[in-house]
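>>> Predicted model, plus sequence, below.
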Amino acid sequence: MPIPTFVLVHGAFANSFSFAPLQAELALLGHRSLAVDLPGHGFGATFPEGYQAPQDFAALAGAPGSLRGVTLADNVARLIEVLERAKRNGPVVLVGHSRGGITLTAAGNARPDLIDRIVYVSAWCPVELDANDYYAEAEMATVDPAAFAPALLGHPAELGLIRTNFRTADPKTLAAFKHAFAADLTDDEFRTFLNTFQPDENLDAGSASDRAQASSWGRIPRTFVRLEDDASLPLALQDRLIREADALTPNNPFDVRTLGGSHLRWLVHPEAAAGVLGELATY
């Protein structure tokens, strides 16, 4: 049986570094993987001098960033380049987390021939609405984006990107981050992960044309890994995304798996997640 390659796509403010523990566990199970840095992420990120201690908030609010003007189409183009190269070596299992799911979906619309299975791990899979519009829906009622407002820097429209100060020492803001992403991690684990985040993210979260398309994306075998205790993308919203996708292509429904834990726990303690992915390698 051909050996598949797992292609891993990060979420907002994250990068390929996020997947290091998962990739180590996958390797120990005998699986091949690579983690993608979308444009302006990883070593392509901008860390303004004012982001270092002592922080200069005035400078940070106006410092230019490499993500200015980067679009979802740019993310998709980068991912397709990787998929084309990976596909030369055999089957490809494309895995996305959180906001990375938007890029997965758009790539599946554009090049379903490059993807043998698409896997969403508590990731956005817009079907009936644009991703940002789901925040007004009942399933997201427990999520309070305003809790992160004290960490936002500058004006997104002027910067051409979203800038967040993950190096804040404000206890209330740190508590909001921990509640949303990592309530079940220790404080040290939480702060360690927070220090892998980069301050900038692109503004473009896609439009109606980037939602799942039955004729292309809908042909790809797909899995959704639910995270039971995710407070930033609640289980109710995960289940709604699954239902909407299954209604779009009822003859090709999601294979649904469930893991316990928060939005980030599976990346810090990846054993169970690696086991699920390993099963999909022969599915």
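Good, I have the coordinates. Residues are numbered from 1 along each chain as shown.
>>> mind checking the end-to-end distance for stretch 150-170?
Stretch 150-170 has an end-to-end distance of 9 Å (Cα to Cα, to the nearest Å).
>>> In three-state terms, label the closest residue to F6 other than its chain neighbours for me.
Sequence neighbours aside, S33 is the residue nearest to F6 in space, at 3.9 Å (criterion: Cβ to Cβ, 6 or more residues apart in numbering). In short, each C-beta sits where N, CA and C put it, glycine included. On the three-state scheme (DSSP: H, G, I helix; E, B strand; the rest coil), S33 is labelled strand.
>>> residue boundaries of the strands in the chain?
In the chain, the strands defined using DSSP state E lie at 5-9, 32-36, 92-98, 117-123, 162-163, 200-201, 222-227, 255-259.
>>> Tell me which of these approaches E25 most closely.
Among the strands of the chain, strand 32-36 comes nearest to E25, with 9.7 Å by Cβ to Cβ.
>>> Which residues does that closest one contact?
3-10, 16-20, 22-23, 26-27, 78-79, 82, 86, 89 (Cβ atoms under 8 Å, 6 or more residues apart in numbering).
>>> Same check on stretch 72-87?
Outside stretch 72-87, the residues that reach it (Cβ under 8 Å, 6+ apart) are 5, 7, 9, 34, 36, 38-39, 92, 94, 102-104, 106-107, 110-111, 114-115, 202, 204-206, 210.
>>> Neighbours of the residue nearest to F6, how many?
Neighbour count of S33, defined by other Cβ atoms under 10 Å: 21.
>>> which residues does H31 contact?
So H31 contacts P4, F6, A274, L277, G278, A281 (Cβ under 8 Å, 6+ apart).
>>> where in the stretch 1-150 of the chain is pLDDT low?
1 (pLDDT under 70).
>>> quick one: terminal-to-terminal distance for stretch 204-216?
End to end - Cα to Cα - stretch 204-216 spans 22 Å.
>>> Many thanks, I have nothing further to ask.
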